[in-house]
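*Asks:* Show me the folded form of this:
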Amino acid sequence: MNRLYEFLTNAGVSPAKYLYENECFYALLDLKLQNEFALYAKRDLRANSLVIRERYKLIQDVFEVIKDMDYAVIKGAVLSQSAYGNIAYRKSGDVDLFVSPKDISEFKIRLKSLGFIQGYINGGIVKALSRQEIIFHSTLTHQLAPFCRQEFGLFNKAVEIDINFNIMWGESDINMGIDRFKDGIIKEKILGNPIKKLCPIYEFIVLCLHHYKDLNSIYLLYTRGFQVKHLSDIYYYLMNHIDITPKKLFDVTQKYNVGAYVYNCIAYAFCLFDDDYLIPFLKILSNDYAQYLFQSFGLNELERQQWRIPFEKRIVSTELHKSLCEVLSAEDLKKIETNTLMMHSF
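*Replies:* Presented below is the predicted three-dimensional model:
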C-alpha cells in the first residue's frame, strides 16, 4: 500500500483525506495510518453497518416472496461482503436485484403485493411516480423505476429496491440480462437472509461492466467526476478472490465478449494501486481494442475520444467538468444538459 500512498502524495493530495472523502474506507484503513480520517472511517463503518443490518431485516419478506425466481443481488452490501469481507465498506441507499426481462412483470406483482410502489424517497417519505414518469424512467436506463416502501425503522424510514434487467449501458447493443449468467447463480446468506447472488467470477465481471460505464460515461464523468472508489472495488475484489486466475477470467470474458471492458477497469486499478499482482491479468486481456478503450472515454464511437488529461490529474480533480468542457462537442454538452434535466425530474 506504500505505492498508493506515494501515488496520491505525488498527485498533490493528502492520501488519508482523499481516500476518506472518496469513500475508499478499506484502502484508507489498509494504510494503517493513525489519524483523524482513519477514525472517521471507522465511525462511518459502524454507522453504515447499523443502517444495512436494519435494512436487510426490513426486507426479509422480499427475499421470501421471490425465493423461487431467478435473480441475483448485486452491488451494495452483498458486493461489499465479497470484495472486502464486510457488509459496510460500500455505502448504498438501496438493494439492487439483477433479473431477467421476461420476469419483470412477475417481480412487479410480487413487490406490489408487499406494499411497494414505484416512486422515490424524499426526506424519508415515499413519493409515487406517475405512470408517465415510470415509462420515461425505463427509456433512460436499464432499470425499472425504483420500488419503495415506507418503513418505521430507527435508521430506515423507507426502503428501495432497484430492478436491473440489463447490466450493459444504453449506448451498447449487447444485451446482458441475468439469463446470460444463470449457470452462475448461487445461494448464500447475508445477515440471516437466504439470498441469491452470482458466483465470484461472474460477480466480478458484472462489477467491471457497471464500473466501466461509470468511468467512461461523459454524463457521469461530467456530473460526478472520476469515481476512484470503483478502482478500490476492482482491486480488492481480485486480491480477495485468488481463485479468479488470469486464465479463468480470460476464458469467461471471451465467452461474453467483454474482455476489453474488464481490461479497462483492471488497468485503471493498476494505475492507482501499482500492484504487480494485476500484471498477469492485464497481459492476458490486452489487445488493440482494449488499449484503445483505455486511452479513451465515452460509451460509443460517436462520443468516444482520447483522454487529454493525465490519469494522475483527472483522478484527483474536483473540477473535471471544466476540463471536459474544453474537449466535448456542443452536441455532447447539450446531451449532458438534457440528461441532467431528465434525472432531476424524478
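*Asks:* Please work out which residues outside the helix or strand hosting Y40 touch it.
*Replies:* Per DSSP states H and E, Y40 falls inside helix 36-58. Helix 36-58 is contacted by residues 16-17, 19-20, 25, 28-29, 31, 76-77, 86-89, 91-92, 95, 151, 153-156, 159, 190-193 when judged by CB atoms under 8 Å, 6 or more residues apart in numbering. Placement of C-beta: from N, CA and C, glycine included.
*Asks:* thinking L33 is in contact with A16, fair?
*Replies:* Yes: using CB atoms under 8 Å, L33 is in contact with A16, at 5.3 Å.
*Asks:* And those two? Which one has more around it.
*Replies:* Set side by side, L33 and A16 show more neighbours around A16, with 21 against 16, by other CB atoms under 10 Å.
*Asks:* distance of the more buried one from D44?
*Replies:* Distance, A16 to D44, by CB to CB, to the nearest Å: 14 Å.
*Asks:* F25 now?
*Replies:* From F25 to D44 the distance is 7 Å (CB to CB).
*Asks:* between those two, who's got more neighbours?
*Replies:* The neighbour count for F25 versus D44, taken as other CB under 10 Å, is higher for F25 (27 against 16).
*Asks:* Can you tell me, leaving aside adjacent residues, what's nearest to the more buried one?
*Replies:* With sequence-adjacent residues excluded and distances taken as CB to CB, 6 or more residues apart in numbering, F25 is closest to A41, at 4.4 Å.
*Asks:* Can you flag the buried ones in the contacts of helix 36-58?
*Replies:* With burial judged by 16 or more other CB atoms under 10 Å, the buried subset of these is 16, 19-20, 25, 28-29, 31, 76-77, 87-89, 91-92, 95, 151, 156, 159, 190-191.
*Asks:* got the buried residues for the helix or strand harbouring D61?
*Replies:* In this structure, D61 sits in helix 60-65 according to DSSP H and E. Across helix 60-65, burial judged by 16+ other CB under 10 Å covers V62, F63.
*Asks:* for stretch 70-90, same thing?
*Replies:* Those would be 70-84, 87-90, for stretch 70-90 by 16+ other CB under 10 Å.
*Asks:* Over to stretch 47-59?
*Replies:* By 16+ other CB under 10 Å, the buried positions in stretch 47-59 come out as N48, S49, V51, I52, R53, E54, R55, Y56, L58, I59.
*Asks:* The helix or strand following the helix holding D61: partners in the sheet, and parallel or antiparallel?
*Replies:* Counting by DSSP H and E, the next helix or strand C-terminal to helix 60-65 is strand 72-74. Strand pairing for strand 72-74, using DSSP bridges, gives strand 95-98 (antiparallel).
*Asks:* Can I get the following helix or strand past the partner strand as CSV, trimmed to CA atoms?
*Replies:* Where DSSP H and E defines the elements, the next helix or strand beyond strand 95-98 is helix 104-113. Taking C-alpha atoms only, helix 104-113 is exported to CSV below (Å, rounded to 0.1, in the frame of the first residue of the first chain):
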residue,chain,number,x,y,z
ILE,A,104,-40.2,-8.2,-14.9
SER,A,105,-44.0,-8.4,-14.7
GLU,A,106,-43.8,-11.1,-12.0
PHE,A,107,-41.4,-9.2,-9.9
LYS,A,108,-43.7,-6.1,-10.1
ILE,A,109,-46.6,-8.2,-9.0
ARG,A,110,-44.8,-9.7,-6.0
LEU,A,111,-43.2,-6.5,-4.8
LYS,A,112,-46.5,-4.6,-5.0
SER,A,113,-48.1,-7.4,-3.0
